[in-house]
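> how would this look folded up:
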Amino acid sequence: MTGRAELFGRILMLALLVSCIQSCSDTIPGERDFKAYYTCYGEGDDITGPYADIVIRFPDEKLFVFSRETSYMPFLSYQKDKWPVPRIIERKGDGDETRPDRDNIYSYARIIKNAPEEVIVHLRYFPDFSKTEFANVVHEYYAVKPDGKVTRTIRPGRSKLDEFNDPGNLFREELILTRKGIRQISITEPVLSDDALPAVTGNPVIPRMPGPGPLLRWDFDSGLASRQVQQRDVAIEKVNGIPCPIEGNTSLWKKGVSGTALAFDGYHSKVTFKNARPPAELAPFTLEAWVALGAYPWKEGGVIDITDKEGGVYLGISDLGRLIFRIAGMDRQHTLVSDVEMGLYRWTHIAAIYEVSGNEARIYINGREAGRLSLGGDTPNLVPTDIVIGLNKEPGKTSQHVSRDYPPEIRTPEGNQAMVYGLEGLIDEVTIYGVALSDEQAREAYKLFAGDEQLLLNPDLEPRILPGEVDGENAEAFGAYYTKLRYHDLWDNLWRTSPWPDIVVRFDQLPCRVVYWRGSNYGAGWVTEKNKWMSDQSSEIMTFYGCAEHMADKQNRFSHVRILENTPARVVVHWRYASANIMYQFQDRRTWTDEYHYIYPDGMAVRHVNYHDRRTGWQDVQFFSQPGTVQEDNIDLQALTVANLAGDIFNLDWSEGIPENKLEDASISLVNLKSEYKVVVIYPDGTRIGTWGEMERATPETRFAGPWNHWPVSQMPNDGRYALRTDRVTHSALGGGEPDSLAIYGFTNQDIKTLLPMARFWNNPPDLKELSGANQVLFDKSQKAYIMEASGGRISAIIVADQKSPLHNPCFVIKNWDRKDIRLTLNKKDMEPGADFRYGFVPRSEGYDLVIWIRIESEQEERISIDLL
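Numbers count the residues shown, from 1 in each chain. Purely as a prediction, here's the structure:
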């Protein structure tokens, strides 16, 4: 007995010692993996979904949590203790100290990397709700290691893009997460670089010839020389040597007609000459400039604006590419508009002249007179004011709003709000003379810089090509990745993003992509091998300011995307957006939508739309037209082919107007883009596929609804603008169905009849019988997958497929599965992982989900078994 008591005592002491070590240790590993996962942490709410929050779980049971309850500022949790990560940038919103963004309308977190050696989480927010423009955003990044080491970097918003992107524009903090709390190791604050800016390679500088001496002149050649930081955003007026501030996101120097030119983004860029004073007495004058347009202005874009509310003169360009010269007279406004249009992507010389002797205005394009106008008995009212180059002084509304075709109760004119805008392109060699140039002098002014025709035809403007990430080839592997897609620098420079704002999904069995891009406000772009895009609508409601939808969120203050799953078997993308209007206003707090896109290796995906308010429409097939193209360049006039589950087919042709779908029970559609691959849309059986657009076409000759250019890309507060020119990317509509919350999207280069098995499978999935090794099985139509929970290491079943309920490329999601390799047997034949059998693991709060995808098409019973190796 004594020996047994002594042995028991030793065992007890050993147990107490182990317990003491474990309670005092910060790093004792358990059996759990180091992993991150999306979940609903804590209490749910009525405006989010099951993946709203992020948890990083450590082997020793610590949790690092990014959740709604703190507006995604992370905290460390261990057992009943909780330690918040201290804020470095203070936040002031509509909530309390713990949750400053009450409904997290401006705040979100995303897992960027989820690997055994490191997890990276990106947190985005606006620290001050009164400042929610591009320049006010804050991005925080947390690089977390399994041993609890955390590198936290914070990039605060800056009004200037160069400062925002400066490598020194970072807070950097090193932390250690332990079971006892958070320990700060070090912290450094942002220190912006004061290095000189490098010179830009320009074109040869052309000396000016003898002639009238200018009053003011900007040659915009400052980019040719290295500039100190203090001179980074300055253009020199050359006659008087006066520095003029360059306002906007960045000073972007380009090759000019001579030396360098300055680029203007059309929304913010401008050069200002302060307090210009006109002559004391009536005098002639000439305004002259070289411009290269990337796009036409939204209505009238100022090249030289010398106006105020009392008077002045204005030289600009219209939305149709016509030159505008406006003189405010003592009695009335006098507006002269050219009789010819200016081209895009070429250098153009413009001049506006006022001649006192004849009391008339003249305008010139490339040395040729393009119009003249007598002021009659009126005279110019020139006033002391600033001279602004490249931007209007006053806000204005766009032209061609869709309300032109509707009564206000249908499409309100309030859906078109005013904004300051200007010229989108390059400006060079701006000159103001105190004399009226003659016809000959205007021609010579043009010829001075027009000697190199190739230079004039090839301005230093980046092309506008939608970033579809396609090259006509299949990808090496199926999967999704975060990236930062480029469009063109004038537009790209508007944004203050993380390095990973966008998502691309690619396929190894077909040359197409699914693109979630900030330019389309993250509405999925279904992109074929020839970079033809089909996109779609979102949850849409009507408000005082017109349509409230994802298209209205021009700056993506609310809309964002996250990769929830990324395995060989499938990709799941979560798109969250608000149905806010063009003024970024909410009708109520519940106008949020969470969409889940379950994308499979065969190029097919289920779109599941969960709108948290009352039911609304969300589906409308739309296609993009690249700048420089019209609708017919991108889609066949026989634009839709539809079919029903019985195999009946009907073609819809737009040659003679908007067609009517006469196949009433059609639930399958093929969007006939001009590429080998077409876009597929399949609806739940019973959905009615319709067309529309008779009342909403840009011109009577337009074939399809639209085209409109208020979306994508546009930053104007406008819910519908007809595009009368091809200068900007446009979208057009065909129509769609009214499904409750689900539809399948995808790609095919086959006949529509080949889609019947998948449509039948999705609408009438075969049952499973003789199920063993799993507690229950459910076919989830929103995932196009069989969902089951494992109860052992082997699962088997018979899939009861037939002609009415065929089996077609199914997915199986098995919950509560070890993260170990498996063996899949189909009809007693082992399947090797590869193109036809793929699987992967998705981390969850408890264990992993096993996701399996199989390429198979069958109308007979199939026996399947899954074994844990």
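> what helix or strand does the closest residue to residue 256 other than its chain neighbours sit in?
Excluding the flanking residues, the one nearest residue 256 by Cβ to Cβ, 6 or more residues apart in numbering is residue 428, at 3.9 Å. The way it works is simple: take the backbone N, C-alpha and C, and place the C-beta from them, glycine included. Using DSSP states H and E, residue 428 sits in strand 424-433.
> Helix or strand next in line after that strand, which one?
Counting by DSSP H and E, what follows strand 424-433 is helix 439-448.
> List the buried residues in that next one.
Across helix 439-448, burial judged by 16 or more other Cβ atoms under 10 Å covers 441-443, 445-446, 448.
> Just want the angle from it to strand 424-433.
140 degrees (axes from the mean of the first three to the mean of the last three Cα atoms, to 10 degrees).
> ok, residues contacting helix 439-448?
206, 208-209, 211-212, 288, 349, 351, 353, 364, 366-369, 437 (Cβ atoms under 8 Å, 6 or more residues apart in numbering).
> if we go to 10 Å?
When contacts are defined by Cβ atoms under 10 Å, 6 or more residues apart in numbering, helix 439-448 is touched by residues 206-209, 211-212, 257-258, 286, 288, 290, 348-351, 353, 362-369, 429, 431, 433, 435-438, 450.
> Now do it: distance to the chain's middle.
Remark: helix 439-448 is offset 44 Å from the chain centroid, using Cα atoms, centre = their mean, to the nearest Å.
> In its sheet, which strands sit next to the strand holding residue 428, and in what direction?
strand 214-218 (antiparallel), strand 260-265 (antiparallel), strand 285-295 (antiparallel) (DSSP bridges).
> and the gap between the residue lying closest to residue 554 once chain neighbours are set aside and residue 582?
Residue nearest to residue 554 in three dimensions, not counting chain neighbours: residue 715, with 5.0 Å by Cβ to Cβ, 6+ apart. To residue 582, residue 715 is 11 Å away according to Cβ to Cβ, to the nearest Å.
> now swap in residue 700 and tell me
Counting by Cβ to Cβ - residue 700 and residue 582 are separated by 27 Å.
> Of the two, give the one with the bigger neighbour count.
residue 582 (26 against 5; other Cβ atoms under 10 Å).
> Next, give phi and psi for the residue lying closest to that one once chain neighbours are set aside.
In space, and not counting its chain neighbours, residue 582 is closest to residue 717: 4.2 Å by Cβ to Cβ, 6+ apart. When read as degrees, to the nearest 10, the backbone of residue 717 gives phi -70, psi 90.
> Residue 765 now?
phi -70, psi 140.
> which residues sit in contact with it?
779-781, 784-786, 799-801, 805-808, 810.
> Then residue 276?
So residue 276 contacts 215-216, 237, 306, 312, 382-387, 432 (Cβ under 10 Å, 6+ apart).
> Can you check the residues you listed and name whichever has the most neighbours?
Busiest of the contacts of residue 276 [other Cβ under 10 Å] is residue 306, holding 26 neighbours.
> does that residue really touch residue 392, like I thought?
No. The criterion here is Cβ atoms under 10 Å, and residue 306 misses it with residue 392 at 11.9 Å.
> didn't residue 510 look like it was pressed against residue 680?
No. Using Cβ under 10 Å, residue 510 makes no contact with residue 680, being 11.7 Å away.
> which residues are common contacts for the two?
What both residue 510 and residue 680 touch, as defined by Cβ under 10 Å, 6+ apart, is the set 603, 746-748.
> between those residues, which is closest to residue 519?
residue 747 (20.9 Å; Cβ to Cβ).
> before we move on, back to that, just the ones in strands from the shared contacts of residue 510 and residue 680, please.
746-748 (DSSP state E).
> gap between residue 341 and residue 628?
15 Å.
> Over to residue 733?
Taking Cβ to Cβ, one finds residue 733 at 21 Å from residue 628.
> Have a look at those two and say which one is more surrounded.
residue 733 (20 against 16).
> then stretch 428-437 to CSV, C-alphas only?
This file holds the C-alpha atoms of stretch 428-437, laid out as CSV (Å, rounded to 0.1, in the frame of the first residue of the first chain):
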residue,chain,number,x,y,z
ASP,A,428,0.6,71.5,-73.3
GLU,A,429,1.8,75.0,-74.4
VAL,A,430,-0.9,77.2,-73.0
THR,A,431,-0.6,80.8,-74.0
ILE,A,432,-2.6,84.0,-73.5
TYR,A,433,-1.9,87.0,-75.7
GLY,A,434,-3.0,90.6,-75.4
VAL,A,435,-3.6,90.7,-79.1
ALA,A,436,-5.9,89.1,-81.6
LEU,A,437,-3.9,86.7,-83.7
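> quick one: average pLDDT of it?
If you average the pLDDT over stretch 428-437, you get 98.
> tell me which residues of it are tucked away?
428-433, 435-437.
> cool, and stretch 357-364?
359-364.
> next one: stretch 85-95
85, 91, 93, 95.
> Strands - which of the residues you listed land there?
Going by DSSP E, the strands hold none of these.
> Quickly name whichever of those is closest to residue 696.
residue 93 (38.4 Å).
> need the contact list for the closest one.
71, 99-107, 125-130.
> Among those, which one sits closest to residue 411?
Using Cβ to Cβ, the contacts of residue 93 come closest to residue 411 at residue 105, 26.7 Å.
> what about that closest one, how many neighbours?
Residue 105 has 22 nearby residues by other Cβ under 10 Å.
> So what sits opposite residue 315 in the bridge?
With DSSP bridges as the rule, residue 315 is bridged to residue 304, residue 325.
> Just list the residues touching it, thanks.
Contacts of residue 315 (Cβ under 10 Å, 6+ apart): 287-289, 302-306, 323-326, 350-352, 363, 389, 430, 432.
> Apply 8 Å and report the result again.
Counting by Cβ under 8 Å, 6+ apart, residue 315 has contacts 287, 289, 302-305, 323-326, 350, 352.
> can you put the residues you listed in TSV and add distance to residue 662?
Below are those laid out as TSV (distance: Cβ to Cβ, whole Å):
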residue	distance to residue 662
287	60
289	57
302	52
303	53
304	57
305	55
323	50
324	49
325	55
326	53
350	54
352	57
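> Any of those buried? List them.
For the contacts of residue 315, buried by 16+ other Cβ under 10 Å: 287, 289, 302-305, 323-326, 350, 352.
> Would you point out the most distant pair within these?
289 and 326 (15.3 Å).
> Pull up the gap between residue 513 and residue 763, please.
27 Å.
> and the two? which has more neighbours close in?
residue 513 (24 against 18).
> Does the more buried one touch residue 471 like I think?
No. Here residue 513 lies out of contact with residue 471, judged by Cβ atoms under 8 Å, at a distance of 9.9 Å.
> ok, what's across the strand from the nearest residue to residue 232 once chain neighbours are set aside?
Leaving aside its sequence neighbours, residue 232 sits nearest to residue 197 (Cβ to Cβ, 6+ apart; 5.6 Å). On the basis of DSSP bridges, residue 197 is bridged to residue 227.
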